[in-house]
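>>> fold the following for me, if possible:
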Amino acid sequence: MTSTDAAPAAIAPAPPVLAEVVRSGFTEGHHRGSLVLLAADGSVERTLGDPGAPVFPRSSNKPMQAAAILRAGLELSGERLALAAASHSGEPFHLDLVRKMLAEHGLSPDDLQTPPDLPLDPVAAEAYLAAGNVRERITMNCSGKHAAMLAVCVRNGWDTASYLDPAHPLQQLAGQVVAEAAGEPVAAVGTDGCGAPLMAIGLTGL
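Numbering: from 1, shown residues only. Down below sits the predicted model:
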């Protein structure tokens, strides 16, 4: 090998098979990944693969993002807290509450930066379309979280137009809360399907 020859890249071992798809006795697919089983005290009981490898938790980030919103001073409880900390199915009572959360802080659905979508619930989506409606930002399943984000921005005098910018004070705080809750630094910041910053952590931290 000469000095200009590159060494072959190391090939990482494939994660273990966690599940198989079997049809008519024939295995047609495998699903690989990692897992960790924790005891009630947080100690590790069992692992497969590499549970320390960072992953994007997607909607599992929502409760930690909601915790950041609470820490920033927005008072939420009951239905409002549930809407801020989870996806909703776009039923009329969900949308009414999102509108109220926004209106209480001088905001409207136009301030949401979620991508336009249909209700997540198939029955609600069918009724929504039958009424002549089109995809809207408020019907996207993360609009409750976004409404809470906007509301806490108003409360703190933070810019609402850039509330999804990773450098925004709210998103910086969310990153801190995620790292504290996970007990490890955020490995990467991406963008979730709803447009909000998404923090990568390991399965054990999650």
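
>>> where do the helices sit along the chain?
All helices of the chain, identified by DSSP state H, fall at 62-71, 78-84, 92-103, 122-130, 143-156, 169-182.

>>> name the stretch among the ones you listed that sits most buried.
helix 143-156 (a mean of 24; mean count of other Cβ atoms under 10 Å). Backbone N, C-alpha and C define where each C-beta goes, glycine included.

>>> who are the packing partners of that helix?
Contacts defined by 3 or more Cβ pairs under 8 Å, 6 or more residues apart in numbering; DSSP states H and E place helix 143-156 against helix 62-71, helix 78-84, helix 92-103, helix 169-182.

>>> picking that back up, include distance to Pro51 and mean pLDDT when you put the helices of the chain into CSV, please.
Output for the helices of the chain, formatted as CSV (distance: least, Cβ to Cβ, whole Å; pLDDT from 0 to 100):
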stretch, distance to Pro51, mean pLDDT
helix 62-71, 18, 97
helix 78-84, 28, 96
helix 92-103, 34, 97
helix 122-130, 34, 96
helix 143-156, 26, 98
helix 169-182, 12, 97
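
>>> roughly how far apart are the residue nearest to Pro57 when sequence neighbours are not counted and Met101?
Distances taken as Cβ to Cβ, 6 or more residues apart in numbering put Leu206 closest to Pro57, at 5.3 Å, once the chain neighbours are dropped. In this structure, Leu206 and Met101 are 27 Å apart, going by Cβ to Cβ, to the nearest Å.

>>> try Val189
26 Å.

>>> could you do Ala131 as well?
For Ala131, the distance to Met101 - Cβ to Cβ - is 23 Å.

>>> what about stretch 105-125, start to end distance?
End-to-end distance of stretch 105-125 (Cα to Cα, to the nearest Å): 28 Å.

>>> sorry, that was for stretch 92-111
19 Å.

>>> how about stretch 28-43?
36 Å.

>>> show me what counts as buried in it.
Gly33, Ser34, Val36 (16 or more other Cβ atoms under 10 Å).

>>> re the thing from before, need the helices and strands packed on helix 143-156 in TSV (columns: distance to Asp117).
Formatted as TSV, those follow (distance: least, Cβ to Cβ, whole Å):
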stretch	distance to Asp117
helix 62-71	16
helix 78-84	16
helix 92-103	12
helix 169-182	22
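
>>> so which of those gets nearest Met140?
helix 92-103 (9.9 Å; Cβ to Cβ).

>>> chain center to the closest one: distance?
20 Å (Cα atoms, centre = their mean, to the nearest Å).

>>> Ala147 is nearest to which of the helices and strands packed on helix 143-156?
Nearest of the helices and strands packed on helix 143-156 (Cβ to Cβ): helix 92-103, 4.4 Å.

>>> please name every helix or strand in contact with that closest one.
helix 78-84, helix 143-156.

>>> who's in contact with the shortest one?
Residues from elsewhere that reach helix 78-84, judged by Cβ atoms under 8 Å, 6 or more residues apart in numbering: 62, 66, 69-70, 76, 94, 97-98, 101, 144-145, 147-148.

>>> endpoint to endpoint, stretch 101-111 covers what distance?
End to end - Cα to Cα - stretch 101-111 spans 12 Å.
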